[in-house]
Every structure is written in C-alpha cells, then in structure tokens.
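**Q** Below: sequence and its predicted model.
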Amino acid sequence: MAKLIGYAVIAWLVVVVGIQFIRPARTNPATDPQRTLKAAMAVPPAVSSVLERSCRDCHSNDTVWPWYSNVAPMSWMVIDHVNDGRRHFNYSDWSALERDKVA
C-alpha cells in the first residue's frame, strides 16, 4: 500500500511539473493612444480611478500579470479570463467597439 501511495505521489509530481511546459501566451498588445477610452470621451477622475484599479488588468492592453499567471493550471484560467475580458470590451481599443454596444 505504501508503494502504491509513493507511485501516486511521484506520478502527481510528474504531472504538476509537466503541465508547467504548456504555456499559453500572455500578451499585452501595443496600444494606440488615439483609440483609447480617454481619447474618445471625457472620463471623470473618479471613474478613471475605478477603471484603473478594478478593470485595467482584464479590459485593457495594459495588463499587469500576477505571479500566479506563471503557474499552470492557474495561468490557463487567468490568461483565458483576460482574453475573454478584452473580447467583451477593451478600453485600450475603445474606438473598435460597435456604437450600439457603447450607447
């Protein structure tokens, strides 16, 4: 029984180390300042502060990646979450939004 547990632990460690080599891309595309939310409309300072603090990492091209975005499988979830957030709306590329979604 002890040998079986030992093999299971070794197999688990091999899997944990092995999945670290499956790394999706963490991207921060270049931002054209003319296409941002702040360039498109006047944003009050209080709103800008909330956007920077609460939304920037998932809804802009200026993501500050947390340390755990380097550790699989958490990295897969974080990168997917950021990519999904950027697809819904990206205030670094605000002018690309369809006008009916903005209003």
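**A** All right, it came through fine.
**Q** the bottom helix or strand of the protein by mean pLDDT?
**A** Least confident element among the helices and strands of the chain, by mean pLDDT, DSSP states H and E: helix 99-102 (a mean of 58).
**Q** mind checking the SS state of the spatially most central residue of the chain?
**A** In the chain, the centroid-proximal residue (Cα atoms, centre = their mean) is residue 82; its distance is 2.6 Å. Of the three states, residue 82 takes helix under DSSP: H, G, I helix; E, B strand; the rest coil.
**Q** Count the neighbours of residue 7 for me.
**A** Look at residue 7: counted by other Cβ atoms under 10 Å, it has 10 neighbours. (Each C-beta comes from the backbone N, C-alpha and C, glycine too.)
**Q** Would you state the predicted confidence (pLDDT) at it?
**A** Confidence at residue 7, expressed as pLDDT, is 95.
**Q** Likewise for residue 82?
**A** According to the model, residue 82 scores 96 on pLDDT.
**Q** Would you agree it is in contact with residue 64?
**A** No - contact between residue 82 and residue 64 fails when scored by Cβ atoms under 8 Å: they sit 10.6 Å apart.
**Q** Which neighbours do these two have in common?
**A** residue 57 (Cβ atoms under 8 Å, 6 or more residues apart in numbering).
**Q** so which strand or helix has residue 75?
**A** Using DSSP states H and E, residue 75 sits within helix 74-88.
**Q** Buried residues, that helix. List them.
**A** Residues of helix 74-88 classed as buried by neighbour count (16 or more other Cβ atoms under 10 Å): 75, 78-79, 82, 85-86.
**Q** Three-state assignment for residue 25, please.
**A** When the rule is three-state DSSP, residue 25 gets the label coil.
**Q** Tell me, what's the model's pLDDT at the residue nearest to it when sequence neighbours are not counted?
**A** Nearest residue to residue 25, sequence neighbours excluded (Cβ to Cβ, 6 or more residues apart in numbering): residue 79, at 7.4 Å. We have a pLDDT of 96 for residue 79.
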